[in-house]
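Trainee: Fold the following and give me the result.
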Amino acid sequence: MRFQTMAQNYGEIKIPTKVIPKRPNGDENSLLLDMINGSREKEQAPKSEDIQPIQSPVETASFQADSEPNNPTTQLPDDQLMVDVQNLTKIYPGDVKAVNNINFFVKQGEFFGFLGPNGAGKTTTMKILGTLVRKTAGTAKVLGVDVDSNPDFIRRQIGFALQEISLDHLSTGKETLVLQGVLHHMSKKEAEIRADELLELFKLKEAAKRTVGTYSGGMRRRIDLASVLVHKPKLLFLDEPTEGLDPQSRQSIWQYLKQLNDEGVTIFLTTHYMEEADLLCERLAIIDQGVIVALDTPETLKKSIGADIVNLTFDPTQGPVNNETIKTLISQIEDISEIKFLDDTISVFTQNGANKVPAILNLLSGEGIKIESISVSQPSLNDVFLKYTGHQIREEETKTSVVNPMTRMWVRGGR
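Mentor: Just a heads-up that it's a prediction; the model follows:
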């Protein structure tokens, strides 16, 4: 990639030529100098008619704690809405419906999450809200502004971390953060002060002068997250922020995110990690095949199962078992609310699961069915996902890739 070096005004910092927005007269160099010297005219604020009030009477899908999580009810939130989505749909060419008529909102200061497998519609929804993808139908507002009416304003107010880490490996950690500040029209001094603050927060101060290409995967993710916080966004979008990280690095990222949220930053996260969703999110939407199938607090979602889960696997030496036979036998036991079959495991939902184990063993062994293992557990988000979708999330191993830095600069820089 070709670079322009800002030697006179900025030492070693390098800006990729591709990310420099053009002035109407095409004079890119004068714009670059203006950005560095802090003399560029401030951008015009969005016109008042383009900005909708953040708090407005709306009907939006929510879920009461005492109702089934997948039964929407009309509710007017008391708090300001940072995100308001109604009947949102996205259809790609070939009639691929990535997002199918979904409704939800995110309140100010909330840690909200989307939980679902790859291809569920999580990233598409987030990209629509981040003004990276146009919706097909419905409405979507961010900070009270419609995503189609004033995308530039939205981009200036949010932080958006894509699933793919997009960094210039030839720049140092501090240069990366300072450049983000310059692109957000901060002065050189302001950008350096903010960079030092973030390097301290993310425990990267010792690596500030090292090139990003020498960073570990966890360090690259941390500097990537830090770079979307340079301009102190009101709302932070995180698409699979711990994808591909080792457990220790993942725990570190969780700690930073909880601290940011405690400081008042509203966070909207997508993930396919059950533990991550359970630990971080105040409210959680379970999405599958483009549809929100349940939405509530993690604790309420787990309580909606209403039972313990008895999981059974069978001795493979006896050959395949007849599911219908097993279902008929176990259904004779009192308080069995549901029986689900998944691959070689049978999950039995029942009250007081531990007390039901002897009866289950007696019935099956009486028919000559050999059990390899049996366990009893309290409901988890995995059980919730299984109940409402009929399958489990397959956490596939994926590699964190590098994308064109231009994409990230455009999202963060408001251009």
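
Trainee: can you point me to the longest helix in this protein?
Mentor: Among the segments of the chain that qualify as a helix by DSSP state H, the longest is helix 247-262.

Trainee: Could you chop this structure up by domain?
Mentor: Per the record, the chain has its domains at 82-301, 306-378, by automatic domain parsing.

Trainee: re the thing from before, the longest helix of the chain - contacts with which helices or strands?
Mentor: Here helix 247-262 touches strand 111-115, helix 217-227, strand 266-271, helix 274-280, going by 3 or more Cβ pairs under 8 Å, 6 or more residues apart in numbering; DSSP states H and E. C-beta here means a position set from N, CA and C on the backbone, and glycine is covered the same way.

Trainee: Check which helices and strands the longest one is in contact with.
Mentor: The contact analysis (3+ Cβ pairs under 8 Å, 6+ apart) places helix 217-227 against helix 173-183, helix 188-201, helix 247-262.

Trainee: related to what we said a few turns ago, just the domains of the chain: most buried one?
Mentor: domain 82-301 (a mean of 19; mean count of other Cβ atoms under 10 Å).

Trainee: so how far does that domain reach from one end to the other?
Mentor: 23 Å (Cα to Cα, to the nearest Å).

Trainee: State the mean pLDDT of it.
Mentor: The pLDDT scores in domain 82-301 average 93.

Trainee: Likewise for stretch 346-357?
Mentor: 90.

Trainee: Begin at 45, not 1, for the rest of this chat.
Mentor: Sounds good: first residue 45 from here, last item stretch 390-401.

Trainee: end-to-end on that stretch?
Mentor: Using Cα to Cα, one end of stretch 390-401 lies 13 Å from the other.

Trainee: Residue 249 touches residue 243, doesn't it?
Mentor: Yes. Between residue 249 and residue 243 there is a contact at 4.7 Å, judged by Cβ atoms under 8 Å.

Trainee: Please give the element, helix or strand, for residue 370.
Mentor: According to DSSP states H and E, residue 370 maps onto helix 367-374.

Trainee: Do you have the helices of this protein handy? List them.
Mentor: With DSSP H applied, the chain shows helices at 51-54, 72-81, 166-173, 195-201, 217-227, 232-245, 261-271, 291-306, 318-324, 342-347, 367-374, 397-410, 425-433, 449-457, listed in chain order.

Trainee: just to revisit the earlier point, to residue 433, which of the domains of the chain lies closest?
Mentor: domain 126-345 (4.5 Å; Cβ to Cβ).

Trainee: Centre of the chain to that closest one, how far?
Mentor: Chain-centre distance of domain 126-345: 6 Å, with Cα atoms, centre = their mean, to the nearest Å.

Trainee: got any ranges where the stretch 345-459 of the chain has weak pLDDT?
Mentor: 438-459 (pLDDT under 70).

Trainee: let's see it at 90
Mentor: For the stretch 345-459 of the chain, the stretches flagged by pLDDT under 90 are 347-352, 358-371, 378-379, 381-382, 384-391, 395-397, 409-415, 421-423, 426-427, 430-459.

Trainee: got CSV for the helices of the chain, with distance to residue 353 too?
Mentor: Conversion of those to CSV gives the following (distance: least, Cβ to Cβ, whole Å):
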stretch, distance to residue 353
helix 51-54, 59
helix 72-81, 57
helix 166-173, 26
helix 195-201, 42
helix 217-227, 46
helix 232-245, 40
helix 261-271, 34
helix 291-306, 25
helix 318-324, 14
helix 342-347, 11
helix 367-374, 13
helix 397-410, 7
helix 425-433, 6
helix 449-457, 41
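
Trainee: which one of these lies closest to residue 154?
Mentor: Of all these, helix 291-306 sits nearest to residue 154, with 8.3 Å by Cβ to Cβ.

Trainee: CA atoms of that closest one as PDB?
Mentor: Provided in PDB are the C-alpha atoms of helix 291-306 (Å, rounded to 0.1, in the frame of the first residue of the first chain):
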ATOM      1  CA  PRO A 291      -9.500 -17.700  27.000                       C
ATOM      2  CA  GLN A 292      -7.100 -15.400  28.900                       C
ATOM      3  CA  SER A 293      -7.300 -12.700  26.200                       C
ATOM      4  CA  ARG A 294     -11.100 -13.100  26.100                       C
ATOM      5  CA  GLN A 295     -11.300 -12.600  29.800                       C
ATOM      6  CA  SER A 296      -9.200  -9.400  29.500                       C
ATOM      7  CA  ILE A 297     -11.500  -8.000  26.800                       C
ATOM      8  CA  TRP A 298     -14.600  -8.700  29.000                       C
ATOM      9  CA  GLN A 299     -13.000  -6.800  31.900                       C
ATOM     10  CA  TYR A 300     -12.400  -3.700  29.700                       C
ATOM     11  CA  LEU A 301     -15.900  -3.800  28.200                       C
ATOM     12  CA  LYS A 302     -17.500  -4.100  31.700                       C
ATOM     13  CA  GLN A 303     -15.500  -1.100  32.800                       C
ATOM     14  CA  LEU A 304     -16.500   0.900  29.800                       C
ATOM     15  CA  ASN A 305     -20.200   0.100  30.400                       C
ATOM     16  CA  ASP A 306     -19.800   1.000  34.100                       C
END
